[in-house]
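give me a model of this one.
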Amino acid sequence: MLSKLKGMWARLVSRKGGASEGPAISAVEYKGYRIRPGPYRSNDHYQTAGTIEKDTPEGVKEHQFVRADTYHSRDDAIAFTVLKAKQIIDQQGDRIFTSSAPANSTRQRNSPLTGSC
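Down below sits the predicted model:
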């Protein structure tokens with residue numbers, strides 16, 4: 001079980017796996033956040049997964065998540081990923097970017113516009 005979860009996480013972080021199957025998925029803007037659905041194939045189903053991003057003066061902050069929900073259809077998985085991301089945003093807001101948040105992964109990318117390295 002643990003190795004399966006590690007494999008799913010590795011595919012999400014590396015942007016490999018089912019996320020590259022089919023046409024590109026457009027980001028969805030919601031309350032100042034950018035939702036990037038990234039479901040991937042796992043045993044004939046699509047796993048709910050995605051990234052929530054927010055532009056800040058310090059750079060782009062990212063929160064990646066994977067949920068246990070799976071769908072036969074890629075489109076259904078994308079739709080549910082967006083709904084789940086909106087729920088995360090509504091419930092936690094910017095706390096998803098803190099290390100104490102009940103999150104899968106959070107990181108900050110430096111923006112080339114801020115001059116940070």
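
drop to CA atoms for contacts and neighbour counts, all remaining ones
OK.

Arg36 belongs to a strand?
Yes - under DSSP: H, G, I helix; E, B strand; the rest coil, Arg36 falls within a strand.

OK, contacts around it?
Counting by Cα atoms under 8 Å, 6 or more residues apart in numbering, Arg36 touches Ile25, Ser26, Ala27, Val28, Gly50, Thr51, Ile52, Glu53, Val82.

mind checking which of these land in strands?
Val28, Gly50, Thr51, Ile52, Glu53 (DSSP state E).

JSON lines for the contacts of Arg36, including distance to Pro39, neighbour count and pLDDT?
Formatted as JSON lines, the contacts of Arg36 follow (distance: Cα to Cα, whole Å; neighbours: other Cα atoms under 10 Å; pLDDT from 0 to 100):
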{"residue": "Ile25", "distance to Pro39": "10", "neighbour count": "15", "pLDDT": "93"}
{"residue": "Ser26", "distance to Pro39": "13", "neighbour count": "9", "pLDDT": "94"}
{"residue": "Ala27", "distance to Pro39": "13", "neighbour count": "16", "pLDDT": "96"}
{"residue": "Val28", "distance to Pro39": "14", "neighbour count": "14", "pLDDT": "97"}
{"residue": "Gly50", "distance to Pro39": "7", "neighbour count": "26", "pLDDT": "97"}
{"residue": "Thr51", "distance to Pro39": "10", "neighbour count": "22", "pLDDT": "97"}
{"residue": "Ile52", "distance to Pro39": "13", "neighbour count": "26", "pLDDT": "97"}
{"residue": "Glu53", "distance to Pro39": "16", "neighbour count": "23", "pLDDT": "97"}
{"residue": "Val82", "distance to Pro39": "10", "neighbour count": "24", "pLDDT": "97"}
